[in-house]
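>>> Whatever this is, show me its structure:
(one chain, ligands or ions: 2)
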Amino acid sequence: MAANRVSTGIPTLDRITGGGLIPGKTYLVTGETGVGKTILSLHFLMDGLRRGEKVSYVSLDERINGVLDGALTLGWDFWTYYREGRFFPFEIRIYSEDLGRYRKDSRAYVDTIVKMTRGGEVSRIVLDPISAMAFGAADEYAVREYIREIITYLEEKIGATTMLTCDIPSGSTQLSRFGYEEYLSSGVVVLGLVNLDGRLVRTLLVRKMRWSPADHSIYTFEIVKGRGIIIGPTLKAVMQRQLGSAQTVSSAFRGQGESPAGSTSESSPI
Ligand SMILES: Nc1ncnc2c1ncn2[C@@H]1O[C@H](COP(=O)(O)OP(=O)(O)O)[C@@H](O)[C@H]1O
Ligand SMILES: [Mg+2]
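Ligands and ions are numbered 1, 2, ... in the order given. Purely as a prediction, here's the structure:
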């Protein structure tokens, strides 16, 4: 990883992003539901905790207990860090009727995060998923402005490296829920699923990465129990192998030396 950059927690993703994330900037992880956005964001937070940092996870639609217990299945014990006082998880509910007053409320929202994280000592924050803010909102403009205010104010006031996740509707070609957040963030990672001969393969694309020599190929990845996200070969390589020798996708993974089961550069303890 490049000096003065923040790791995503996934070594291969650090390489693909062109060296990792810029400290204090905001990044967006988008994709349909179930593609792995929450898991990617937890990788990022666990990396910070393992480096001795303080980090915060803000859930906008799920109960915190469910998320943290789910993370145990991936081998990540966030509860220990919570008890140590370095991990600050909390839930925030935003109601559509409040969105009209975004100017006042977005600041109150960030002020709540500052307060919950003891004056903004955290170095990493995840808001998951910001699209939950739009539930039932009639006025998309208000939602966009709200998100814009939150990103700007978070960067100004806390200065943590921030990852926002955003659900996009199934089948949509949009990068984000409102077609706008991508312009505000310093980078966009798009997760997806493609159907290869009746088998769903997970994909990852670094769509935008400001000030970084990013690799914009579409990669494949797997979510592995006890380890999290394991990035494999590019989708193109997987398709070529499949065409060439009728190999399965998982055997293609094994051929790349980044096997989920093998010992690889991705075999970090998390
Ligand atoms: N312990 C696990 N082992 C393997 N796969 C898992 C595990 N936990 C969750 N998953 C996979 O992760 C996916 C959900 O990822 P998640 O990050 O919650 O998605 P999103 O936030 O994009 O909706 C599920 O589809 C499931 O297949
Ligand atoms: Mg999620």
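>>> What number of residues are in the vicinity of the spatially closest residue to residue 37 that is not a sequence neighbour?
Nearest residue to residue 37, sequence neighbours excluded (Cβ to Cβ, 6 or more residues apart in numbering): residue 165, at 4.0 Å. (Each C-beta comes from the backbone N, C-alpha and C, glycine too.) Residue 165: 25 surrounding residues under other Cβ atoms under 10 Å.
>>> State the distance from residue 165 to residue 211.
22 Å (Cβ to Cβ, to the nearest Å).
>>> one step back: correct me, but the residue nearest to residue 37 touches residue 133?
No - using Cβ atoms under 8 Å, residue 165 makes no contact with residue 133, being 11.9 Å away.
>>> wait, doesn't residue 45 sit right on residue 126?
Yes - using Cβ under 8 Å, residue 45 is in contact with residue 126, at 5.8 Å.
>>> So for those two, which residues contact both of them?
55, 57 (Cβ atoms under 8 Å, 6 or more residues apart in numbering).
>>> For the helix or strand hosting the residue nearest to residue 37, which strands pair with it and how are they oriented?
Using DSSP states H and E, residue 165 maps to strand 161-167. Using DSSP bridges, strand 161-167 pairs in its sheet with strand 26-31 (parallel), strand 124-128 (parallel).
>>> I'd like those as TSV, with mean neighbour count, mean pLDDT and distance to ligand 1 appended.
Shown next, in TSV, are the strands paired with strand 161-167 (neighbours: other Cβ atoms under 10 Å; pLDDT from 0 to 100; distance: least, Cβ to the nearest ligand atom, whole Å):
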stretch	mean neighbour count	mean pLDDT	distance to ligand 1
strand 26-31	26	94	6
strand 124-128	25	95	7
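>>> Following the host helix or strand of residue 195 in sequence, what is the next regular element?
For residue 195, the enclosing helix or strand under DSSP H and E is strand 187-196. Following strand 187-196 in sequence order, the next helix or strand is strand 199-209 (DSSP H and E).
>>> packing partners for the strand holding residue 195?
strand 26-31, helix 37-50, strand 199-209, helix 235-245 (3 or more Cβ pairs under 8 Å, 6 or more residues apart in numbering; DSSP states H and E).
>>> tell me the SS of residue 62?
Of the three states, residue 62 takes coil according to DSSP: H, G, I helix; E, B strand; the rest coil.
>>> Look up phi and psi at it.
When quoted as degrees, to the nearest 10, the phi and psi of residue 62 stand at phi -110, psi 160.
>>> For the remainder of this discussion, apply numbering that starts at 291.
Got it, first residue is 291 now, which makes that one residue 352.
>>> State the distance from it to residue 358.
10 Å.
>>> more neighbours, the two?
residue 358 (19 against 14).
>>> do you know how far that one is from residue 407?
17 Å.
>>> For the stretch 441-560 of the chain, give me the ranges with low pLDDT.
By pLDDT under 70, the low-scoring segments of the stretch 441-560 of the chain are 464-471, 535-560.
>>> export stretch 433-443 as PDB, just CAs?
The C-alpha trace of stretch 433-443 is given here as PDB (Å, rounded to 0.1, in the frame of the first residue of the first chain):
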ATOM      1  CA  VAL A 433     -32.400  13.500   0.100                       C
ATOM      2  CA  ARG A 434     -29.500  14.400  -2.200                       C
ATOM      3  CA  GLU A 435     -29.000  17.700  -0.400                       C
ATOM      4  CA  TYR A 436     -29.100  16.000   2.900                       C
ATOM      5  CA  ILE A 437     -26.400  13.500   1.900                       C
ATOM      6  CA  ARG A 438     -24.300  16.200   0.400                       C
ATOM      7  CA  GLU A 439     -24.500  18.200   3.600                       C
ATOM      8  CA  ILE A 440     -23.600  15.100   5.700                       C
ATOM      9  CA  ILE A 441     -20.500  14.300   3.500                       C
ATOM     10  CA  THR A 442     -19.300  17.900   3.600                       C
ATOM     11  CA  TYR A 443     -19.900  18.300   7.300                       C
END
